[in-house]
Structures are given as structure tokens and as C-alpha cells.
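Colleague: I would like to see how this sequence folds:
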Amino acid sequence: ETRFVPNEVLLEIAGNASPQTLDTIARRLQLTRLETQRFTLTSRTLQRWRIDGNRSVPATLRALERYRVVLGGQANFLYTLAQASGAALQDSTAPQADQAQYVVGKLHLTQAHRVSTGEAVVVAVIDSKIDAGHADLEGVVTGQYDALGGVGKPHAHGTAMAGAIAAHGKLLGIAPKVRLLAVRAFAGEGESAAGTSFAILKGLDWSAENGARIVNMSFAGPADPML
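Modeller: Numbering: from 1, shown residues only. Sure thing, here's the model as predicted:
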């Protein structure tokens with residue numbers, strides 16, 4: 001498997017690990033701790049470390065096996081976004097084609113909405129940044145979380161997925177009355193947008209803490225033990 005960040009590892013650290021011990025490990029193996037996160041869902045503390053020396057990810061993980069405070073480790077895997085439907089929403093700053101929504105008839109949405117429109121159900125969308133101001137998503141996005149930090153622009157894929165779920169204007173979503181939690185875990189332009197294990201894990205944990213009953217993850221990548 002080669003789909004991972006080439007100079008990073010994710011480590012599960014024992015709760016009794018002292019800063020001095022971790023500093024010693026970092027110095028000996030030429031590593032830098034970048035980020036620490038306590039995950040409520042799994043009751044684990046994970047850290048993201050950068051490899052500063054010439055060791056590969058597999059070699060670094062093997063070298064870490066001798067330290068008892070390191071309970072587990074793996075690569076920080078990379079994921080790519082699944083192709084968005086042509087009839088789903090695009091971000092509001094881009095030209096938009098008026099295409100028929102084949103899913104309305106195919107999935108019998110008009111009839112389905114007589115039974116349920118998803119009212120008050122909380123759905124988290126872990127994806128690229130959603131254009132929460134899009135006219136078709138007005139009032140739908142009730143919470144946002146950025147697992148990456150920094151400033152990100154709305155992206156066509158995340159906006160399209162949110163629209164496929166909850167659009168209620170020009171286009172019709174599967175469940176137009178749900179409440180969406182918008183989680184940005186993917187960054188980049190167009191089809192090159194990518195996310196990592198650590199960002200996705202952070203998004204999952206935040207989604208659970210904020211009451212998500214459903215999590216939509218329209219991306220593909222390697223099998224990941226931590227996920």
C-alpha cells in the first residue's frame with residue numbers, strides 16, 4: 001500500500017507517557033510531534049508525528065515498536081473524493097447547468113417524502129468544504145467543523161454531496177428537512193482534493209459528539225485499522 005503521507009505516522013500513546021519520554025523518542029528517531037487528539041469514540045489518544053530524517057514510514061513504525069508508551073502506530077493514509085453526480089449542487093460561485101435530476105423518479109422521492117423528509121435528523125457530511133450559503137441549502141447546515149485548520153474555499157464535491165442529501169430549492173435532495181453538520185476533512189482543488197486518516201478521524205469524533213445519527217463519507221482509499 002502506497003497511499004499515505006510519505007513523512008508522517010499516527011501513534012496511539014499510553015496515557016501515562018511523560019513529555020520527557022516522548023521528547024526522547026522524538027530526538028532519537030528524528031521525529032516532530034505535530035498534533036495530539038483525545039478521541040471520545042474510542043477512548044484513545046492519537047498523535048500525528050512528522051518524520052524529519054531519512055527513514056521511511058514502515059522503517060519508522062518498526063523502530064517505534066521498542067517503546068512501551070507507543071501502544072500502536074500506522075501510516076496517515078490518503079483518501080480521494082468519489083465522483084460527484086452531475087445533477088447535484090455545485091458551489092454557488094461556479095456556473096451551474098440546469099440538468100434533470102434522474103434520482104427523483106428513480107428513487108420515487110415524491111412518494112418517499114410523504115412518509116419522511118428526514119425532519120430533525122442530524123446528518124454529518126465528512127467531505128470538502130460545503131458552500132453553506134448556497135440557495136438550495138438555506139437553513140440546512142446547522143454546524144460546521146474544520147478538521148484541517150486554516151481558510152478553505154467552498155468545494156464542488158462537498159457542496160454536491162450536501163445537495164444530494166438535503167437540497168430543497170431548484171434541486172430536490174433525498175431528505176430535504178435534515179439538519180446537516182458540515183465537516184471539512186478534504187483540501188485541494190477540483191478532483192485533486194484529498195483527506196487523511198487523522199482528519200477523517202477528527203471529523204468522525206466531532207460528528208458523534210454533536211449528535212449525528214448518520215455520517216456520509218463519499219470517498220475512497222485504503223483499508224485503515226484506526227478508521
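
Colleague: give the bridge partners for the closest residue to Ile214 other than its chain neighbours, please.
Modeller: Excluding the flanking residues, the one nearest Ile214 by Cβ to Cβ, 6 or more residues apart in numbering is Val123, at 4.6 Å. C-beta here means a position set from N, CA and C on the backbone, and glycine is covered the same way. Going by DSSP bridges, Val123 is paired in beta bridges with Leu180, Ile214.

Colleague: and Val123, how far from Lys129?
Modeller: 17 Å (Cβ to Cβ, to the nearest Å).

Colleague: comparing those two, which shows the higher neighbour count?
Modeller: Higher neighbour count among Val123 and Lys129: Lys129, with 24 against 21, using other Cβ atoms under 10 Å.

Colleague: next SSE downstream of the worst-scoring helix or strand of the chain on mean pLDDT?
Modeller: Least confident element among the helices and strands of the chain, by mean pLDDT, DSSP states H and E: helix 102-106 (a mean of 87). Counting by DSSP states H and E, the element after helix 102-106 in chain order, helix or strand, is helix 109-115.

Colleague: how about the CA coordinates for that next one, as CSV?
Modeller: Below are the C-alpha coordinates for helix 109-115, written out as CSV (Å, rounded to 0.1, in the frame of the first residue of the first chain):
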residue,chain,number,x,y,z
LEU,A,109,-38.7,10.7,-4.0
THR,A,110,-42.1,12.3,-4.2
GLN,A,111,-43.7,9.3,-2.8
ALA,A,112,-41.0,8.7,-0.2
HIS,A,113,-41.3,12.3,1.1
ARG,A,114,-44.9,11.5,2.0
VAL,A,115,-43.5,9.1,4.5
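
Colleague: so which elements touch it?
Modeller: Contacting helix 109-115 under the criterion 3 or more Cβ pairs under 8 Å, 6 or more residues apart in numbering; DSSP states H and E is no other helix or strand.

Colleague: what residues sit buried inside it?
Modeller: For helix 109-115, the buried set under the neighbour-count rule, 16 or more other Cβ atoms under 10 Å, comprises 109, 113.

Colleague: and Gly15, how many residues sit next to it?
Modeller: 10.

Colleague: just Leu29 next, same as before
Modeller: Leu29: 18 surrounding residues under other Cβ under 10 Å.

Colleague: residues touching the longest helix along the chain, excluding its own?
Modeller: Longest helix in the chain, counting residues (DSSP state H): helix 197-209. Applying Cβ atoms under 8 Å, 6 or more residues apart in numbering, the contact partners of helix 197-209 are 10, 35, 37, 39-41, 46, 48, 74-77, 79, 124, 126, 145, 147-148, 181, 183-186, 215, 217, 224, 226-227.

Colleague: how far off centre is it?
Modeller: 7 Å (Cα atoms, centre = their mean, to the nearest Å).
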